[in-house]
Structure formats: structure tokens, C-alpha cells
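# Prediction below, plus the sequence it came from.
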Amino acid sequence: MGGVCGERLRKAAARTLGPMSIHEADKASTSGSLTTHSSGKPRILTGDTPTNTGLHLGHYVGSLENRLALQDQYDCYFLIANVHAFTTLAEKPEQIRANTIGIVKDWLAVGLDPERATFVLQSEIPAIAELTFFFAMLIPFNKVMRNPTLKTEIETKGLGETYPFGFPMYAVGQCADILAFRPDLVPVGEDQEAHIEMCRDVALKFNQLYCGVNNRTPPERHHLEGGVFPIPRAKIGRVARLVGIDGTNKMSKSLNNAIFLYDSAKDVQKKINKITTGRQSPTEPGDINNILMQYVDAFIASTDPARAAEIKRRYGAGDNLGDGHVKQELGEAINALIEPMRLRREKLETPAGEAMVLDVIARGVKKANVVAEETLALAKKAMRVEFAGRVVG
Ligand code: ATP
Ligand code: MG
């Protein structure tokens, strides 16, 4: 049944989209459990919200590392959620703009490559806003309000009772950010798992309601059976959730507990030195799961596993290894990791650097709108709301 509906949908999309897009829609729905598109590759969509001037170590281990590793194998779309930044910073538009540019600079500094990946600026992709409205009908209100990530954010960001309607709405918007690009994979930190789950629910429901996909069809077969949307999977980073330097359970742009990728070597060491473990002396057996040791796992074990194991053994045994010494080694390891990024970011802090960022955004928006408009056309056909098309003038 899904196949028949899918065929009807593809024919309908063919009338709307023209030959190039039919080809893509066809390939997307017939080529195995990973969706390959006209690029011949499956897709990735992920992104960051410009709530601060740049990215931090949590982003690196939670998502950026995976983006870097996968940007050749996948057709990658990296999104800056500047509309969603208004959910908490509506009164600071200039800051959101500066943060947006700062994040693109960090992406470039880390090694995300606009020649291989598409950088997407959310506010310039109207299809995302349209899909958000339709998707809002597919998610029960109470389910959104029970979303654990939103609940934690309301608490940790001190939003109290006064947050705008748009704040919980961003969770629905994020489903549209993702699904507008019909990706297979979404590389994110663990805090985003609940959002990806919601996104999967929306895609499943959409495909069942509007594309005739059977409700017993396994998620990985949805696009093969005529669903507009492949059901995307989260890909969680090497460190699922990096704790903040203040010991709170997540390093976060908005919580003043982050080591940023552009922090100076001195600032990195200063921030590391602020970590408190409660341990009194180098001979006191330490907790090998405390925040300091979690950072050793995250930033020393990755380059020198033997040294990390040695540190943890001696720390746990109280074998004359002080917190101060570990912090020094940790600071050096983190600085070695981010030094090249910091230097590349510094080079972008010029008018020419800014012009380059604006150009990268403009090129990305063009490419992204082609894909997002195709998705919207397919979705509107499936929902029987395709009439005159986007008639202007
Ligand atoms: P905010 O405090 O404004 O929510 P943030 O620091 O959480 O900012 P986001 O832009 O919301 O950053 O997240 C971007 C990506 O980085 C997401 O995939 C998220 O899961 C990941 N990420 C953010 N912080 C961490 C962390 N501490 N550990 C692992 N991944 C993280
Ligand atoms: Mg966040």
C-alpha cells in the first residue's frame, strides 16, 4: 500500500519539481536503507544555536568531531539556528547576528569545509518555517512540554515561568530544521537525543498519515515504502555530554561554564584551575569518575591513552599525584588540541574574514533552499495542500 501511495507521490512531485528533482526523489526512495540523493551520498544535518560568540569543547567532542569525520562520506548540511537564538535573546538581535558570524568562523577554524558541506542559515530558509507549522499539528502539546531537554533548559537557564511561547516551539522547529533536508544521520550530543526522538516521531507520523506507509513498517524502510521522510538517527559524539567546568552536568554556551575553542591558552589554564574536586592532598585516593578525571578521559585519553590510564591509576590510589599537576597536564592537552583552531579563528577576525563568512553563508543558503524547497513541495503534495505553488507578484 505504501508503495502505491509512494508512486502517486513521486508522480505528483514530478509534476511540481521537474526532471532533476524527480530523479532525486526517486533515488531517495529506492536506494537502500541509507538514503542516497543526487549527490550519490546519504545526508547529514546538524547545527548549533548562536547563543554565544563561538563554540566550546562540549561541541567539539559531542558533535564537531563527528562532522569532521563524516564530511566526505555524507552530503552534509550544517545549520546555524539563528531564529531559535531569539527564543532566549529576543531583545539582543545585534548579539545574535555577531554570534552567528562567530559560529561560522569557529566552523571554518575547526575545519568544516564549505566546499564539501553546505552551511545553512536558518532564517533564510522559509521552507523550515512552513514545515514547522505543519509539524506542530503532529506532536501533542503535552508531549512537547514533557520533553526532558526542554525541561532541563528551562531549569538550568533560569527561564522560570516567563519564557516566550516560541521557546517550547523551538523543539518543533528543530524537527523541521532536520527533516527539511531529509537526512539519515544527525550528529549531536546526548542532550539532543530527546529532540531527535521527537523528530523521528514526526517523520513516522507524517509518512503514515500522508504517504500511506504502513504503521508496522520499520523506520529504516519508510523511505523505501513511499514516505517523504527517511527516519533520521542521532549519532552521539565520543563524549556524549561533557560536564561544565563548574561541575554542572553539561558544558553550555549559555551557562558561563564553558571553555571556548577561541579562549587564549592562559584562559584555558585558568578555567581548568577553577575545577574543584574536594580532594585535599596528592596522597588522598581520588574519585576516578570526578569532573577532572572525566576531562582526562575526554582530552588526554584521546591522544595518549596510556598516560590517561596511568593518571587515573595513580589518582585513584592516592599515589602522590596532586589535582594541580593533573590540571596542568590537562590544560596543556586542551591547548594543544585547540591551538590550531584558535590561530585559524584569529586570522578570520578581519574585515576580509567577515566578508568570507558572509559569502559562505550566501552560497550555503542558495544550495540549502533548493533542497528545502524540494522537501516542502513533496510534503505539501502529500498533505494535499499544493495548489498554485509559490506565486509572487
Ligand atoms: P545553549 O546553552 O545555548 O543551549 P549549547 O552549548 O547547548 O548552547 P547548542 O548550540 O545548543 O549548544 O548545541 C549544539 C550541539 O552541540 C548539539 O549537538 C549539542 O548536543 C552539542 N553539545 C552542546 N553542549 C555539549 C556538551 N556539553 N557535550 C556534548 N555535546 C554538546
Ligand atoms: Mg543547547
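On my side now, so go ahead. Ligands and ions are numbered 1, 2, ... in the order given.
# CA only for contacts and neighbour counts going forward, please
Noted.
# Which residue lies closest in space to Cys199, excluding its sequence neighbours?
Setting aside the residues directly before and after it, Cys199 is nearest to Cys175 in space (Cα to Cα, 6 or more residues apart in numbering), at 4.6 Å.
# residues near the one you found, how many?
24 (other Cα atoms under 10 Å).
# What pLDDT is listed against Lys27?
Lys27 is assigned 41 on the pLDDT scale.
# Pretty sure the residue nearest to Cys199 sits in a helix.
Yes: assignment of Cys175 by DSSP: H, G, I helix; E, B strand; the rest coil places it within a helix.
# That one and ligand 1, how far apart?
Look at Cys175 and ligand 1: by Cα to the nearest ligand atom, to the nearest Å, they are 14 Å apart.
# ok, now how distant is that residue from Gly47?
The gap separating Cys175 from Gly47 is 12 Å, by Cα to Cα, to the nearest Å.
# just to revisit the earlier point, the residue nearest to Cys199 is in contact with Leu204, isn't it?
No: using Cα atoms under 8 Å, Cys175 makes no contact with Leu204, being 11.8 Å away.
# Tell me how far the helix or strand containing Gly102 lies from the chain's centre.
Using DSSP states H and E, Gly102 sits in helix 93-110. Relative to the chain's own centre, helix 93-110 is displaced by 15 Å; criterion: Cα atoms, centre = their mean, to the nearest Å.
# now swap in stretch 59-79 and tell me
Put simply, stretch 59-79 sits 9 Å off its chain's centre (Cα atoms, centre = their mean).
# Same check on stretch 158-174?
For stretch 158-174, the distance to the chain centre is 18 Å (Cα atoms, centre = their mean).
# who's in contact with it?
84, 87-88, 128-129, 132, 135-136, 139, 144-145, 150, 153-154, 195, 199 (Cα atoms under 8 Å, 6 or more residues apart in numbering).
# can you check stretch 239-255 too?
Contacts for stretch 239-255 (Cα under 8 Å, 6+ apart): 51-52, 55-58, 61-62, 156-157, 189-191, 257-259, 271-272, 274-276, 291, 298.
# got the buried residues for that stretch?
239-247, 250-253 (16 or more other Cα atoms under 10 Å).
# Equivalent analysis for stretch 188-205, please.
Here stretch 188-205 shows 188-205 as buried, counting by 16+ other Cα under 10 Å.
# State the distance from whichever residue of the stretch 251-393 of the chain sits closest to ligand 1 to Glu153.
Of all residues in the stretch 251-393 of the chain, Ser252 sits closest to ligand 1, at 3.4 Å by Cα to the nearest ligand atom. The gap separating Ser252 from Glu153 is 10 Å, by Cα to Cα.
# Sort out for me which of the buried residues of stretch 188-205 are in strands.
Counting by DSSP state E, these place Val188 in strands.
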